[in-house]
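Show me how the following folds:
(one chain, ligands or ions: 2)
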Amino acid sequence: MDKIIVHGGKRLSGRIKVSGAKNAVLPVIAASILGAKGNSMIDEVPALDDVFTIIQVLKELNVEASFQQGRITINATHELQTEASYEFVRKMRASVLVMGPLLARFGKAKVALPGGCAIGSRPIDQHLKGFEALGATVTLGNGFIEAKVDGRLQGAKIYLDIPSVGATENIIMAAALAEGTTVIENVAEEPEIVDLANYLNAMGAKIRGAGTGTIRIEGVEELVGVQHTVIPDRIEAGTYMIAAALTRSNLFIEGAIGHHLYPLIAKLTEMGVEVQEQEDGIQVNAEGKKLKAVDVKTLPHPGFPTDLQAQMLALLCTVEGSSVITETVFENRFMHVEEFKRMNADIKIEGRSAFIKGVTPFKGTKVTATDLRAGAALILAGLVAEGFTEVSGLQHIDRGYEDIVQKLMGIGAQLERVDAEGRTKHFTVTEAEVEKEIAPALTAAVKPSASFA
Ligand SMILES: CC(=O)N[C@H]1[C@@H](OP(=O)(O)OP(=O)(O)OC[C@H]2O[C@@H](n3ccc(=O)[nH]c3=O)[C@H](O)[C@@H]2O)O[C@H](CO)[C@@H](O)[C@@H]1O
Ligand SMILES: C=C(OP(=O)(O)O)C(=O)O
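Ligands and ions are numbered 1, 2, ... in the order given. Modelled structure (predicted):
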């Protein structure tokens with residue numbers, strides 16, 4: 001298995017470019033299933049394992065999809081299969097997002113039950129409650145969930161118990177083709193929901209209120225494929241903003257949108273980091289600054305994102321004093337704490353809170369990414385650690401960070417990716433490599449992994 005070896009102690013400087021958002025592109029690709037006419041063309045698509053997985057899911061459904069030069073072209077105009085196998089849902093929970101579009105367009109969808117994962121049990125009851133409210137019959141058995149409706153789904157009033165991102169996405173995709181009006185209350189307000197609604201509206205849907213707590217959808221009879229450019233990845237951007245703070249550097253995060261990152265900007269500012277929003281990105285300057293300890297509580301947007309919790313924890317270890325991070329979104333998202341302790345961190349977990357005592361002089365050692373963001377956070381800690389930090393578990397990082405090694409090297413970090421024999425892997429995911437490495441994987445009907453490993 002590959003590893004990333006980070007040589008700590010290098011000051012970072014310059015510009016780092018943000019890729020298209022993983023969490024926006026996945027629902028957008030799933031929504032392309034709704035295009036009964038024409039091709040969908042999705043631009044700024046990052047070359048990530050999760051993207052390759054969702055393309056494989058679509059191919060399994062008989063959708064035509066190709067990925068070239070950051071653009072995915074999708075044709076879903078013909079009759080499709082309506083079953084998504086465990087193979088893919090197990091690999092990536094977001095595969096469950098094909099359920100709403102399949103149910104809306106073909107009146108049936110069967111998707112493997114996702115099961116638990118490293119950050120929590122992650123049920124999908126709110127998705128299913130939404131489908132049922134729209135008139136579908138939902139049954140569970142043999143590890144699958146099946147939803148069926150005779151004729152069209154019917155518009156309904158739905159209240160989500162939790163503002164779930166996935167449930168909001170699945171239900172708006174289903175309701176887009178329902179007969180009549182659907183009003184969903186207590187929905188997720190994340191920027192990725194707005195991006196999905198913009199894409200669906202361009203396809204011909206009538207969705208209002210995305211980005212607020214209530215979404216109203218007038219169902220239409222048909223949607224057509226269109227071009228759409230995915231928003232920049234606010235979590236990747238936030239990870240690099242935290243990298244600037246953690247290494248006490250001055251970095252420009254190209255493409256980052258301030259409006260999507262206010263909870264992080266507020267915390268960094270509170271800590272004493274200089275953050276300046278500019279037209280084409282965000283400047284983050286922590287050079288020569290003595291940063292302050294702060295408390296952080298993760299919440300649904302516009303609260304502090306759980307997907308930046310591990311990275312923030314790494315940063316707070318480098319600050320003098322006591323900080324508390326409270327994780328309210330996922331019940332088990334502190335698995336990385338044990339790995340940070342291996343690097344010398346002084347952290348105690350009590351219930352849903354991590355009590356951090358700084359300053360930690362991080363020491364390089366062997367650590368394992370327990371999930372995607374934990375992996376990125378360990379790399380960040382490695383940037384300031386004494387000696388070498390060897391991060392394994394890269395299958396998590398490959399799900400969500402495009403070219404992380406090359407990008408960090410571009411701003412002065414010293415790190416490399418090595419294979420099991422210790423040979424350096426020099427690659428940027430160039431278009432040629434996407435074609436060479438990924439295209440064959442996409443043509444295989446079912447392939448366990450499309451990673452580079
Ligand atoms: C692909 C994608 O976009 N993933 C993001 C999405 O995940 P995802 O859409 O899975 O996250 P949700 O917003 O659905 O989950 C939030 C919380 O609600 C619970 N829940 C969710 C649905 C449900 O039916 N019942 C239920 O109890 C979950 O277990 C969790 O505790 O939002 C999360 C919260 O911002 C992010 O961490 C993920 O990166
Ligand atoms: C938790 C994440 O993703 P997913 O919902 O796909 O597991 C994430 O992006 O940090």
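
CA only for contacts and neighbour counts going forward, please
Fine.

So which residues on this protein come close to ligand 1?
23, 94, 121-127, 162, 164-167, 300, 306-307, 329-330 (CA under 6 Å from any ligand atom).

Break the chain down into its domains, please.
3-19+232-426, 22-217+224-231 (automatic domain parsing).

Mind putting these into CSV with mean pLDDT and mean neighbour count?
Output for the domains of the chain, formatted as CSV (pLDDT from 0 to 100; neighbours: other CA atoms under 10 Å):
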stretch, mean pLDDT, mean neighbour count
domain 3-19+232-426, 97, 20
domain 22-217+224-231, 96, 21
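
which stretch among those domains comes nearest ligand 2?
If you check each of these against ligand 2 by CA to the nearest ligand atom, domain 3-19+232-426 wins as the nearest, at 4.6 Å.

any idea how far residue 92 is from the closest residue to ligand 1 within the stretch 201-350 of the chain?
Proximity of the stretch 201-350 of the chain to ligand 1 (CA to the nearest ligand atom) peaks at residue 330, 4.2 Å away. Distance, residue 330 to residue 92, by CA to CA, to the nearest Å: 17 Å.

that older thread, please name the residues that touch the closest residue to the residue of the stretch 201-350 of the chain closest to ligand 1 other than its chain neighbours.
Among residues not flanking residue 330 along the chain, residue 120 sits closest, at 5.7 Å (CA to CA, 6 or more residues apart in numbering). Counting by CA atoms under 8 Å, 6 or more residues apart in numbering, residue 120 makes contact with 330, 331, 332, 333.

what sits against the residue of the stretch 201-350 of the chain closest to ligand 1?
119, 120, 122, 306.

can you give me the helices in the stretch 201-350 of the chain?
234-246, 262-271, 309-317, 336-342 (DSSP state H, counting those that start in this stretch).

Output those helices in JSON lines; the columns should cover distance to residue 12.
JSON lines is the format used below for these (distance: least, CA to CA, whole Å):
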{"stretch": "helix 234-246", "distance to residue 12": "7"}
{"stretch": "helix 262-271", "distance to residue 12": "17"}
{"stretch": "helix 309-317", "distance to residue 12": "15"}
{"stretch": "helix 336-342", "distance to residue 12": "22"}
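
now those helices in a markdown table, with distance to ligand 2?
Shown next, in a markdown table, are the helices of the stretch 201-350 of the chain (distance: least, CA to the nearest ligand atom, whole Å):
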| stretch | distance to ligand 2 |
| --- | --- |
| helix 234-246 | 8 |
| helix 262-271 | 15 |
| helix 309-317 | 10 |
| helix 336-342 | 13 |
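
Does residue 47 touch residue 402 like I think?
Yes. Shown here, residue 47 and residue 402 form a contact pair, counting by CA atoms under 8 Å, at 6.1 Å.

Doesn't residue 170 belong to a helix?
Yes. Residue 170 sits within a helix when classified using DSSP: H, G, I helix; E, B strand; the rest coil.

contacting residues around it?
Counted by CA under 8 Å, 6+ apart, residue 170 has contacts 97, 98, 99, 100, 101, 127.

I'd like to know which of those residues are part of helices.
Counting by DSSP state H, these place 99, 100, 101, 127 in helices.

Please identify which of these is nearest to ligand 1.
After measuring these against ligand 1 - CA to the nearest ligand atom - the closest member comes out as residue 127, at 5.1 Å.

Next up, the contacts around that closest one.
Taking CA under 8 Å, 6+ apart, one finds 166, 167, 168, 170, 171 in contact with residue 127.

Residue 223 too?
34, 35, 36, 37, 177, 200, 203, 204, 205.

So what pairs up with it in the strands?
residue 35 (DSSP bridges).

how close does it get to residue 35?
5 Å.

Find residues that contact each of these two.
residue 203.

ok so, going back, I'd like to know which of the helices of the stretch 201-350 of the chain is closest to residue 280.
Of all the helices of the stretch 201-350 of the chain, helix 234-246 sits nearest to residue 280, with 12.5 Å by CA to CA.

Dump the C-alpha coordinates for the closest one into CSV.
Presented in CSV, the C-alpha positions along helix 234-246 are these (Å, rounded to 0.1, in the frame of the first residue of the first chain):
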residue,chain,number,x,y,z
ARG,A,234,-14.8,24.6,0.4
ILE,A,235,-13.4,21.7,2.5
GLU,A,236,-10.3,21.4,0.4
ALA,A,237,-9.9,25.2,0.5
GLY,A,238,-10.4,25.2,4.3
THR,A,239,-7.8,22.4,4.7
TYR,A,240,-5.2,24.6,2.9
MET,A,241,-6.3,27.7,4.9
ILE,A,242,-5.7,25.7,8.1
ALA,A,243,-2.3,24.5,6.6
ALA,A,244,-1.3,28.2,6.3
ALA,A,245,-2.2,28.9,9.9
LEU,A,246,-0.6,25.7,11.2
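
what's that helix packed up against?
Contacting helix 234-246 under the criterion 3 or more CA pairs under 8 Å, 6 or more residues apart in numbering; DSSP states H and E are the following elements: strand 250-254, strand 281-285, helix 309-317, helix 372-384.

and the angle from the third one to helix 262-271?
Using axes from the mean of the first three to the mean of the last three CA atoms, to 10 degrees, the direction of helix 309-317 lies 0 degrees away from that of helix 262-271.

Equivalent analysis for the last one, please.
If you take the same axes, to 10 degrees, helix 372-384 sits at 30 degrees to helix 262-271.

now the second one
Here strand 281-285 points in a direction 20 degrees away from that of helix 262-271 (the same axes, to 10 degrees).

Show me how far strand 281-285 is from its chain's centre.
Here the centre of strand 281-285 is set off from its chain's centre by 22 Å, with CA atoms, centre = their mean, to the nearest Å.

No further questions, thank you.
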